[in-house]
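**Student:** Here is a sequence together with a model predicted from it:
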Amino acid sequence: MRRETIIWVLLIISRIVFAQQADQSGSNKYANEMTSYVRTFGLTDFRQAKPEFGFRLNTGDYVLEIMADSNRHVTGQVVYYIYHYKKSRLKKMDTLYRKITLDTASAKKIDDLIRQSDLRNILEWDLWAADARNYTMEFLDGEQYIYKTFYGPYALQNEVPQTAKVIEFLDTLDKLLHAEEQRAVFEKSLPKKGCYLYGGYIKCYVGNTLYAGLSGGYPWPVGIHVSYYLRNSGRFYPYLSFWVHYLSDLHQGYELSLDMGKSRLFVRQKNIKDFISYSYQRRERSMAGESLLFQHQWSYGLSFRPVTVYGGVYMRDGDKRSTGPVVGLNKSFVLGKNLNSQWHLLTDVSLFKRELDFRISLSKAIHINNGPSLDIGISMEQWAGYRQIFGRVSIVFSD
């Protein structure tokens, strides 16, 4: 009963956070933010300049601007952009971008698509989808200015009928712009260092991160932990992590884990990638009457951001040796839009034979000036029939 109660509490917290986000994301707020990137990218301020027709779309990956004069001469430009920062200086973030001027034929095709889609007459909806991309659009026709925000059309297509027209427009537009290929060219030209933020997700190149801190919970009241994480998102995309957790009360115990792997072997699409991984865990649970448990796991999986599915071979040693197939799924949620106020909710479930293991964790990073940051969180886990819940506070050193 305790486990079900905690799961429901975490779900309720996430819904409250998302509801607050939806209430705060009015058109005035976004319209003010829009003027910032209009200046940064050297685009047209529709409230100052008055073209006969103007359209602007922000997808989170690129900004498209189309204008036409009274003689129906159409011009257009598209800006692919990304936010870049050094992990040691999170508060200082730079906007890197690549602006492309569209040829007349391409601009005319997109202008025709905008008019045929009749987007400005599509009603906005109030539903908010977690971890979904939102699309903002500006329309200027003569003296009439219209601003719209379409929340998560791909995620809500089964609940909101009018998303169909928006999705059809976005898919057709991506093909006309060759958006995926152009985005790949842009990302290839970026410096292979630091971290990049786009579409609500963070991608780091060479990342060295060290965590050290204290924990406490049930059944172990006191613990200390140290972990190290290395990731290189360059050509080969390898990663390596190491975790040690010492637990104590009247008895003593420890956790040790090692994970390594490589992503983007055969699948390298924009929002999908594959990976292989090896995981080793070793735990002593003398308090629970288990002298030693350890496991090896070899997996292959696909990551459909932010959902990951995997399958593989699992081998566990304890009182008896057991080996067999394992399948699993994990999903991450980002609660909050501002990078400095985000909470991360991670759920991970795996099935080995008829045994269900899971982990739920909620964490937040607190950045202090330009020095080390703090990481606070709470986790609940069931593994090999053993359950625990604990909170943790870590100091984080990263480059």
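**Tutor:** Yes, it's here.

**Student:** For this protein, just list every one of the helices.
**Tutor:** 2-24, 27-41, 104-117, 163-177, 179-188 (DSSP state H).

**Student:** so residue 258 bridges to which residues?
**Tutor:** residue 242, residue 280 (DSSP bridges).

**Student:** Please apply the same query to residue 345.
**Tutor:** Beta bridges link residue 345 to residue 333, residue 362, judged by DSSP bridges.

**Student:** Could you count how many residues lie near it?
**Tutor:** Look at residue 345: counted by other C-beta atoms under 10 Å, it has 21 neighbours. C-beta here means a position set from N, CA and C on the backbone, and glycine is covered the same way.

**Student:** Looking at it now. What's its pLDDT?
**Tutor:** Note on residue 345: pLDDT of 81.

**Student:** Over to residue 227?
**Tutor:** Residue 227 is given a pLDDT of 87.

**Student:** Could you pull up the residues touching it?
**Tutor:** Each residue near residue 227 by C-beta atoms under 8 Å, 6 or more residues apart in numbering is listed here: 210, 211, 212, 241, 242, 243, 244.

**Student:** Look at the fourth one and report its pLDDT.
**Tutor:** In this prediction, residue 241 carries a pLDDT score of 78.

**Student:** Ok, the second one next?
**Tutor:** Per-residue confidence for residue 211 comes out at a pLDDT of 86.

**Student:** Among the contacts of residue 227, which one lies nearest to residue 306?
**Tutor:** Nearest to residue 306 among those, counting by C-beta to C-beta, is residue 241 at 18.8 Å.

**Student:** tell me the domain ranges of this structure?
**Tutor:** Domain assignment for the chain, taken from automatic domain parsing, gives 29-198, 206-398.

**Student:** Centre of the chain to the shortest one, how far?
**Tutor:** Put plainly, it is domain 29-198. The chain centre lies 20 Å from the centre of domain 29-198; the measure is C-alpha atoms, centre = their mean, to the nearest Å.

**Student:** do the same with the last one
**Tutor:** Here the centre of mass of C-alpha atoms in domain 206-398, compared against the chain's by C-alpha atoms, centre = their mean, lies 17 Å away.

**Student:** partner residues bridging residue 211?
**Tutor:** When assigned by DSSP bridges, residue 211 has beta-bridge partners residue 227, residue 396.

**Student:** In terms of mean pLDDT, which of the domains of the chain ranks lowest?
**Tutor:** The minimum mean pLDDT among the domains of the chain belongs to domain 206-398 (a mean of 77).

**Student:** Most widely separated two among the contacts of residue 227?
**Tutor:** For the contacts of residue 227, the farthest-apart pair by C-beta to C-beta is 212 and 241; their separation is 14.2 Å.

**Student:** What's the PyMOL line that selects buried ones from the contacts of residue 227?
**Tutor:** Selection of the buried residues among those in PyMOL, burial being defined by 16 or more other C-beta atoms under 10 Å:
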select buried, resi 210+211+241+243+244
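
**Student:** Make JSON lines out of the contacts of residue 227 and add distance to residue 327.
**Tutor:** Below are the contacts of residue 227 laid out as JSON lines (distance: C-beta to C-beta, whole Å):
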{"residue": "210", "distance to residue 327": "32"}
{"residue": "211", "distance to residue 327": "29"}
{"residue": "212", "distance to residue 327": "34"}
{"residue": "241", "distance to residue 327": "22"}
{"residue": "242", "distance to residue 327": "25"}
{"residue": "243", "distance to residue 327": "23"}
{"residue": "244", "distance to residue 327": "28"}
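
**Student:** And the contacts of residue 227, which is closest to residue 167?
**Tutor:** Nearest to residue 167 among the contacts of residue 227: residue 241, at 37.3 Å, using C-beta to C-beta.

**Student:** and the closest one, how far is that from residue 373?
**Tutor:** To residue 373, residue 241 is 18 Å away according to C-beta to C-beta, to the nearest Å.

**Student:** Then residue 359?
**Tutor:** In this view, residue 359 and residue 373 are 23 Å apart by C-beta to C-beta.

**Student:** Pretty sure residue 170 sits against residue 153.
**Tutor:** Yes. The pair residue 170 / residue 153 is scored as a contact, 7.4 Å apart, by C-beta atoms under 8 Å.

**Student:** what about these two, which has more around it?
**Tutor:** More crowded of residue 170 and residue 153, by other C-beta under 10 Å: residue 153, with 23 against 20.

**Student:** Next, the more buried one: phi, psi?
**Tutor:** Dihedral angles of residue 153 (phi, psi; degrees, to the nearest 10) stand at phi -60, psi -40.

**Student:** swap in residue 125?
**Tutor:** Torsion angles, degrees, to the nearest 10, at residue 125: phi -120, psi 160.

**Student:** Leaving out the residues flanking it, which one is nearest to residue 356?
**Tutor:** residue 349 (6.9 Å; C-beta to C-beta, 6 or more residues apart in numbering).

**Student:** ok, that neighbour - contacts?
**Tutor:** By C-beta under 8 Å, 6+ apart, the contact set of residue 349 is 328, 329, 330, 356, 357, 358.

**Student:** Adding neighbour count, write those out as JSON lines.
**Tutor:** Shown next, in JSON lines, are those (neighbours: other C-beta atoms under 10 Å):
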{"residue": "328", "neighbour count": "20"}
{"residue": "329", "neighbour count": "14"}
{"residue": "330", "neighbour count": "18"}
{"residue": "356", "neighbour count": "10"}
{"residue": "357", "neighbour count": "18"}
{"residue": "358", "neighbour count": "18"}
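
**Student:** mind giving me a markdown table with these and columns for distance to residue 395?
**Tutor:** A markdown table is the format used below for the contacts of residue 349 (distance: C-beta to C-beta, whole Å):
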| residue | distance to residue 395 |
| --- | --- |
| 328 | 30 |
| 329 | 31 |
| 330 | 26 |
| 356 | 34 |
| 357 | 29 |
| 358 | 28 |
